[in-house]
Every structure is written in C-alpha cells, then in structure tokens.
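J.: Predicted model and sequence below, questions to follow.
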Amino acid sequence: MSQAASLAHIFRHPIKAHGREELASVQLFAGEAMPWDRHWAVAHDLSKFSADSPAWMPCINFQRAARSPALMAIEARFDDRTGVMELRHPALAPLRFHPETEGDRLVEWVRPISPQERFRPVSLVRAPGRAMTDTAFPSISVKNLASNRALGEKVGRDLSIHRWRGNLWIDGLAPWAEMGWIGRRLRIGEVVLEICEPVGRCRATMANPETGEVDVDTLEALKEAVGVQDFGVFGTVLEGGEIRPGDHVEVLA
C-alpha cells in the first residue's frame with residue numbers, strides 16, 4: 001500500500017436504500033456498524049419482518065434500489081440530536097420528518113418512485129440495537145477511489161462513487177488493491193477493522209445517482225475487469241475511535 005493512502009470520504013445511509021449523507025467525522029465502536037447507518041429500512045408488502053419481534057433480516061425483505069432504481073437519487077440529512085430527517089429527490093418535493101414517529105410520511109413520499117403492486121412500500125422499521133446492514137453481522141463497507149476510476153475508464157465515462165453506497169472511501173491505493181485484504185486488518189487513523197468479505201454488487205449500481213435512471217451495466221463491466229461482480233469489502237470494527245477524512249490508512253498483517 002502506498003504511504004500516501006488516506007481516508008477520503010465518510011458516508012452513512014440512515015434509511016437503508018433511501019439516501020446518502022456525507023460526514024465530516026464519525027466515532028466508531030468495536031463490534032458495531034457505523035452509528036445511524038442503515039438504522040431504518042422500508043419494509044414492503046411481502047416482507048417477513050415482524051414488528052412484534054424486530055430483528056435483522058436480509059435485504060430481500062426491504063425496499064431496494066435493485067428493484068426501484070429511482071431510489072438511488074435520494075439524498076439524506078439526519079440530525080441525530082433532534083431526530084429530524086430531511087430527504088431530497090429530483091422528482092419529489094423535499095421531505096422533512098421524524099422517522100421514529102412519522103414513518104407513514106416517508107412511505108407516502110416514496111410511493112411514486114416505488115413498485116405500485118408487488119413489493120410496494122408499507123412501513124418504516126428498525127431492529128433495536130442492530131443496523132440493517134447487507135451482512136448478517138454489523139459491518140462497515142470500505143471502497144477504493146482508484147477502483148472506481150478504473151471501472152469508469154473501462155466503461156468510458158465518469159462513475160459517481162454514490163453508485164456503490166460505501167461507508168469509507170480510500171484514496172492513494174492501486175486499483176483493486178482492496179480485493180487482497182480479505183482476512184487482514186486495516187488501520188484508519190485510530191480505528192482498526194478486520195476485513196471479512198467482498199461486497200457482492202446488484203443492479204442498483206447500474207442507476208445514475210443524479211437521476212435514478214439505469215444508464216450503465218456496471219455488473220458486466222465488473223465481470224470483465226476483475227472476473228466477479230464484487231466492488232469493495234466489508235469489515236468489522238476491532239478497535240474503535242474517531243476518524244475523519246485525511247486520516248492515514250495502513251494494511252496490517
């Protein structure tokens with residue numbers, strides 16, 4: 001790894017598949033996902049999520065951009081002190097609401113860009129103490145800016161990093177360097193992550209985050225570039241701490 005490797009961006013996605021938010025810093029805790037990341041999810045009419053016994057469930061139980069690509073264009077801002085969420089989408093009026101008490105307002109807001117019959121959104125849900133990550137364990141995703149640039153060169157266009165819905169973006173690496181990190185540890189500032197598995201990608205990444213419209217076959221491009229439909233890696237926090245853009249990044253043994 002280059003000695004110049006550093007943390008470039010931090011993102012959280014307070015409502016799974018419904019908006020991204022860039023952070024100036026974040027405090028991570030051992031064994032936990034990023035605070036307020038995937039804290040809520042939108043259950044659809046065929047979901048097996050139980051409000052009487054809330055628990056983590058696979059993403060198939062929730063509204064997803066793979067099925068509703070327009071969701072990719074949502075931007076979020078969440079104030080964890082007041083509990084107020086603000087969402088924006090180019091085709092919808094801005095929404096300002098309290099997720100804990102006004103989930104129905106979100107369901108109504110997102111309905112026009114959601115499936116109208118099967119898999120239609122019905123409720124905003126959460127599982128106390130457990131983020132609705134894409135993994136069965138509390139994870140944080142790590143992405144490589146150079147890999148995104150390399151894939152963009154392959155398809156002949158700039159690719160927004162928002163296609164990949166990552167938590168932590170690293171600069172100063174060789175393209176695809178992250179694919180060799182499985183089973184190793186990664187230090188970012190004072191935080192240490194154990195890298196567990198690659199991030200398998202879905203059709204959501206084919207949608208333009210500015211418009212929510214499918215415009216490039218990222219999955220086929222990944223297969224041609226690296227042989228698999230993976231982009232980025234999942235890690236778990238071994239040693240917590242506060243991190244911010246500019247922090248040094250190092251791969252440990």
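T.: Everything's here; your move.
J.: For the stretch 51-200 of the chain, just list every one of the helices.
T.: For the stretch 51-200 of the chain, the helices defined by DSSP state H, counting those that start in this stretch occupy 103-110, 145-155.
J.: What distance do you get for Arg77 to Trp40?
T.: 14 Å (CB to CB, to the nearest Å). Every residue, glycine included, has its C-beta placed from N, CA and C.
J.: Between these two, which is the more surrounded one?
T.: Trp40 (24 against 15; other CB atoms under 10 Å).
J.: Name the residues linked to the more buried one by a beta bridge.
T.: Beta bridges link Trp40 to Ile15, judged by DSSP bridges.
J.: Report the contact partners of it.
T.: Shown in contact with Trp40 (CB atoms under 8 Å, 6 or more residues apart in numbering): 14-16, 99, 103, 124-126, 132.
J.: Mind pulling the model confidence for it?
T.: Listed pLDDT for Trp40 reads 98.
J.: sorry, back to before: so which of the contacts of Trp40 is the most crowded?
T.: Ile15 (28 neighbours).
J.: does that one really touch Leu95, like I thought?
T.: No: the pair Ile15 / Leu95 is not scored as a contact, 11.0 Å apart, by CB atoms under 8 Å.
J.: Need the residues touching each of these two.
T.: 85, 87, 106.
J.: List the contacts of the last one.
T.: Listed by CB under 8 Å, 6+ apart, the contact partners of Leu106 are 15, 18, 42, 85, 87, 95, 97, 99, 124.
J.: what's the closest non-adjacent residue to the residue most central in space within the chain?
T.: In the chain, the residue lying closest to the centroid (CA atoms, centre = their mean) is Arg165, at 3.4 Å. Distances taken as CB to CB, 6 or more residues apart in numbering put His13 closest to Arg165, at 6.0 Å, once the chain neighbours are dropped.
J.: That neighbour and Ala207, how far apart?
T.: 15 Å.
J.: can you check Asp37 too?
T.: From Asp37 to Ala207 the distance is 20 Å (CB to CB).
J.: same thing with Pro14?
T.: Distance from Pro14 to Ala207, counting by CB to CB: 19 Å.
J.: what's the burial count for the residue nearest to His248 when sequence neighbours are not counted?
T.: Distance criterion CB to CB, 6+ apart; nearest residue to His248, sequence neighbours excluded, is Ser6 at 5.9 Å. Using other CB under 10 Å, Ser6 has 17 neighbouring residues.
J.: How about the one 5 residues further on?
T.: Phe11 has 22 neighbouring residues, counting by other CB under 10 Å.
J.: what are the bridge partners for it, then?
T.: Applying DSSP bridges, one finds that Phe11 bridges with Glu22.
J.: mind listing the strands for the stretch 51-200 of the chain?
T.: 75-79, 84-89, 92-97, 121-125, 140-144, 168-171, 185-188, 191-200 (DSSP state E, counting those that start in this stretch).
J.: Select, out of those strands, the one closest to Phe62.
T.: strand 121-125 (8.1 Å; CB to CB).
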